[in-house]
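Colleague: Mind folding the following:
(one chain, ligands or ions: 1)
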Amino acid sequence: MYDIAKIREDFPILSREVYGKPLIYLDNGATTQKPRCVVDSIVEEYYSVNSNVHRGVHFLSQQATNLHEASRETVRKFINARSTSEIIFTRGTTESINLVASSFTERFMKPGDEVIVSVMEHHSNIVSWQLQAERKGIVLKVIPMNDCGELLLDEYEKLFSERTKLVSVAQVSNVLGTINPVKEMIATAHAHGVPFLVDGAQSIPHMKVDVQDLDADFFVFSGHKVYGPTGVGVLYGKENLLNELPPYQGGGEMIQNVSFEKTTFNELPFKFEAGTPDYIGTTSLAKALDYVSAIGMDEIAAYEHELTVYAMQRMKEIPGMRIFGEAEHKGGVISFLVGNIHHFDMGTLLDRLGIAVRTGHHCAEPLMTRLGITGTVRASLGLYTTKEEIDALVAGIKRVSMMFG
Ligand code: C6P
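Modeller: As a prediction, this is how the structure comes out:
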């Protein structure tokens, strides 16, 4: 049984009001709200354990280290990696992609070598590669999509050449909600001998992820989008690949021995974790993963799917409604425009009704160009979203539309 009332009680913020109206939080694609156990974990660890990890012989340092490393194991289990050596803690999806872009390019790419991305990528999976294009002369190739927001797999296949060195694609689009067939796309890349990075920022909160089943070479995500804290994220990488990559940043923890003549580097995963990690954040992230696991990722996916189907159907009742993203396989992200109403106006007026949505280009300007628009209003669902909230959104949109005649 999916006990939505009980789930909502775990999130104190959901009972607050804005402008004297009950909060209807539909901006989960930007960040999710936190259950009590996640916030409690932060407070408790600061109050009773806080000490730097991997650095002290004393009791607290060892206890903090144990918590930090236990969290790595929780992440490993959550995405079914083979070993904790494959779990690198970062600041989030963006830092994880930048790490791979920098280290992978340095190790494996020459000027003229190619990376394939898709037209629906978030800026972090475009600009990270463009920086390498400027510095190292690599070339970006782009998988196009159809008008429903589905990637054109035949075109994808045609993009491979002898110079293709990596494919980097989001599992779920943060604008269209499209669930891309990454398992199939990874198999295609591997048939060409090319590794694949999956941007899991928008998939990890909504579906079961098994990196071995996908056969992903890299998988990245942010803690804050999966009901965890801000400032901590994950880079999963296959051990043999990570071993080949040079370090991303220099500092404490990532070294074995340092002299002014020569420095040797620590083993995985520490080679990529320079400086004091956000060990309070990693413990709290593990609490978030335990929390969603206890509900069940399949149960969350089924609940959100039903809600998405309902939301799509209700939204289409609204006169002048244009929905961007109608893929057959679609998650709970609904981008729309109504008539000639500017997305910013719609978002601002919905806000006055207590409804939090995101407006603008959603850090996906090339996708906006493809769609021929400057931005959308985006409602993104979470595990605590209710049908009543969808109804309130639909009523809110109708009310704003009436105001604009
Ligand atoms: N998308 C959104 O409102 P960070 O900021 O590092 O946690 O995540 C970046 C990122 C990367 N890939 C995808 C597919 C994403 O959706 C995001 C973040 C948020 O859509 C904030 S722009």
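
Colleague: Regarding Thr385, which helix or strand does it belong to?
Modeller: If you go by DSSP states H and E, Thr385 is not part of any helix or strand.

Colleague: And it, how far from Gly200?
Modeller: Thr385 sits 20 Å away from Gly200, going by C-beta to C-beta, to the nearest Å. Using the backbone N, CA and C atoms, a C-beta is placed for each residue, glycine as well.

Colleague: who's more crowded, these two?
Modeller: Legend: neighbour count by other C-beta atoms under 10 Å for Thr385 and Gly200, higher for Gly200 (30 against 25).

Colleague: Other residues contacting stretch 285-296?
Modeller: For stretch 285-296, contacts defined as C-beta atoms under 8 Å, 6 or more residues apart in numbering pick out 2, 7, 10, 34-35, 37-38, 41, 70-71, 74-75, 78, 205, 223, 226-229, 232, 300, 383.

Colleague: and the residue of the chain most remote from its centre, helix, strand or coil?
Modeller: Centroid-distance maximum for the chain: Glu261 at 40.3 Å, with C-alpha atoms, centre = their mean. Three-state assignment for Glu261 (DSSP: H, G, I helix; E, B strand; the rest coil): coil.

Colleague: Of all residues in the stretch 301-405 of the chain, which one is closest to the ligand?
Modeller: Cys363 (3.9 Å; C-beta to the nearest ligand atom).

Colleague: Run a quick neighbour tally on the closest residue to that residue other than its chain neighbours.
Modeller: Excluding the flanking residues, the one nearest Cys363 by C-beta to C-beta, 6 or more residues apart in numbering is His123, at 4.5 Å. When neighbours are counted by other C-beta under 10 Å, His123 registers 16.

Colleague: Could you pull up the contacting residues of His123?
Modeller: Applying C-beta under 8 Å, 6+ apart, we find His123 in contact with Cys363, Ala364, Glu365.

Colleague: Look up how far Gly137 lies from it.
Modeller: 21 Å.

Colleague: Kindly report the same for Pro319.
Modeller: Pro319 is 51 Å from Gly137, where distance means C-beta to C-beta.

Colleague: Counting neighbours around each, name which of those two comes out higher.
Modeller: Between Pro319 and Gly137, counted using other C-beta under 10 Å, the more crowded position is Gly137 (13 against 9).

Colleague: which SS state does the spatially closest residue to that one that is not a sequence neighbour fall under?
Modeller: Excluding its sequence neighbours, the residue lying closest to Gly137 (C-beta to C-beta, 6+ apart) is Pro111, at 3.1 Å. Recorded secondary structure, Pro111: coil (three-state DSSP).
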